[in-house]
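Enquirer: here is my input, please return the structure:
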Amino acid sequence: MIDRFLRASDRIAYSTAIVAALACLAMAAMLFVEVITTSFFAWSQPWAVEYSTYLLAMTLFLGSGWALRAGGHIRVNALLTLLPPPLVRLLDLLGTAFALGVIGFAAAALVEQAIRTYKLGSVSYFPQETPLVVPQALLALAFVVMALAFLTRLVRLLRRQAPELDEGGIGPSAVE
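Expert: Residues are numbered from 1 along each chain as shown. Now for the predicted structure:
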């Protein structure tokens with residue numbers, strides 16, 4: 001049961017990382033078009049600024065759960081190399097639990113904000129008047145996935161399993 005949860009969590013994190021990569025690609029294409037049309041045709045795309053902002057947030061946060069699993073988050077190991085392994089494990093457990101609490105709180109607040117935005121029918125102040133529930137829901141999803149990734153890491157640490165993938169363990173085969 002727990003192993004199925006861990007595998008499902010990894011699949012979710014990997015899937016949202018793919019969405020983040022596609023969002024990055026879309027943002028780059030959109031901004032490329034904006035630069036070309038503005039520079040050569042004096043014709044700006046007013047939607048480019050708005051949607052590139054949303055895509056930037058998607059790129060940054062939707063891939064965070066997988067980055068955690070793949071060991072891609074920044075970590076300072078200088079102090080950890082001087083400590084005995086049991087203390088390192090305890091610090092990792094405490095740090096992961098603390099991060100889970102912070103990210104979980106942020107996820108809950110963002111979900112609540114998206115629901116409130118939906119109920120109010122809020123739209124962006126840009127000419128496109130994008131319903132703000134869409135980007136806010138995606139950001140909330142990203143934080144929920146990140147909280148799930150921290151929970152998964154905590155479970156792996158408690159089970160004395162490796163919380164991060166080995167070198168080269170990035171890709172669909174790592175989540176199966």
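
Enquirer: thought residue 156 was touching residue 9?
Expert: No. Using CB atoms under 8 Å as the test, residue 156 is too far from residue 9 to be in contact (9.8 Å). Quick note: C-beta positions are derived from backbone N, CA and C, even for glycine.

Enquirer: which one's more surrounded, those two?
Expert: residue 9 (21 against 18; other CB atoms under 10 Å).

Enquirer: how near is the more buried one to residue 16?
Expert: Plainly put, residue 9 is 11 Å away from residue 16 if you go by CB to CB, to the nearest Å.

Enquirer: check residue 98 too.
Expert: Using CB to CB, we find residue 98 at a distance of 23 Å from residue 16.

Enquirer: how many other residues sit next to residue 20?
Expert: Counted with other CB under 10 Å, the neighbours of residue 20 add up to 23.

Enquirer: could I get the contacting residues of it?
Expert: By CB atoms under 8 Å, 6 or more residues apart in numbering, the residues touching residue 20 are 58, 59, 60, 61, 62, 63.

Enquirer: what helix or strand does it sit in?
Expert: helix 2-41 (DSSP states H and E).

Enquirer: which residues does residue 49 contact?
Expert: Residue 49 makes contacts with 34, 126, as judged by CB under 8 Å, 6+ apart.

Enquirer: can you say which helix or strand has it in it?
Expert: helix 46-62.

Enquirer: which elements pack onto the following helix or strand past that helix?
Expert: Proceeding N to C from helix 46-62, the next assigned helix or strand is helix 64-69, under DSSP H and E. Here helix 64-69 touches helix 2-41, helix 133-158, going by 3 or more CB pairs under 8 Å, 6 or more residues apart in numbering; DSSP states H and E.

Enquirer: could I get the ones you listed as TSV with mean pLDDT and distance to residue 80?
Expert: TSV is the format used below for these (pLDDT from 0 to 100; distance: least, CB to CB, whole Å):
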stretch	mean pLDDT	distance to residue 80
helix 2-41	92	24
helix 133-158	95	14
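
Enquirer: highest mean neighbour count out of those?
Expert: Mean neighbours per residue, mean count of other CB atoms under 10 Å, is largest over these for helix 133-158, with a mean of 21.

Enquirer: how big is the angle separating it from helix 46-62?
Expert: On the basis of axes from the mean of the first three to the mean of the last three CA atoms, to 10 degrees, helix 133-158 is oriented at 10 degrees to helix 46-62.
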